[in-house]
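K.L.:
prediction below, plus the sequence it came from.
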Amino acid sequence: MLRAYARDVIDAVNASREVNTFIPALAYLYARNPTEIEVAHESRRAGQSKYSLYKLIRLNFDLMTGFTFVPLQLFSMLGMAIAACRVCW
């Protein structure tokens with residue numbers, strides 16, 4: 001997606017004291033009427049993505065936990081691991 005933000009949204013995102021800034025989520029929080037423009041991206045011609053499966057999961061986990069600090073994330077991961085183990089048994 002290609003996104004354009006109004007100056008007041010950019011200022012609000014910059015003023016936030018988030019450690020892991022996930023810009024689209026913060027922009028949706030501050031924008032009144034967000035719109036997106038779909039772009040047809042070309043396939044990667046050379047090289048490989050630097051995102052491993054762990055990095056992608058970590059990025060999504062940061063988004064789900066709402067930019068909180070490590071203790072909440074640690075206990076959430078522990079809870080999910082226990083739940084996953086419980087389902088397997």
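P.N.:
That came through, no problem. Just so we're clear, the structure is a prediction, and the values are computed from it rather than from any experiment.

K.L.:
so what touches the helix or strand bottoming out on mean pLDDT in the chain?
P.N.:
The helix or strand of the chain with the lowest confidence, counting by mean pLDDT, DSSP states H and E, is helix 23-30 at a mean of 76. Contact with helix 23-30 is made by Arg3, Tyr5, Asp8, Val9, Ala12, Val13, Ser16, Glu18, Pro34, Leu63, as judged by CB atoms under 8 Å, 6 or more residues apart in numbering. The C-beta positions use only the backbone N, C-alpha and C, and glycine is treated the same way.

K.L.:
counting neighbours, what do you get for Asn60?
P.N.:
If you count neighbours by other CB atoms under 10 Å, Asn60 ends up with 11.

K.L.:
center of this structure - which residue?
P.N.:
Leu63 (4.0 Å; CA atoms, centre = their mean).

K.L.:
SS state for that residue?
P.N.:
helix (DSSP: H, G, I helix; E, B strand; the rest coil).

K.L.:
so what's it closest to, chain neighbours aside?
P.N.:
Phe22 (5.4 Å; CB to CB, 6 or more residues apart in numbering).

K.L.:
what separation is there between that neighbour and Ala46?
P.N.:
Distance of Phe22 to Ala46, given as CB to CB, to the nearest Å: 28 Å.
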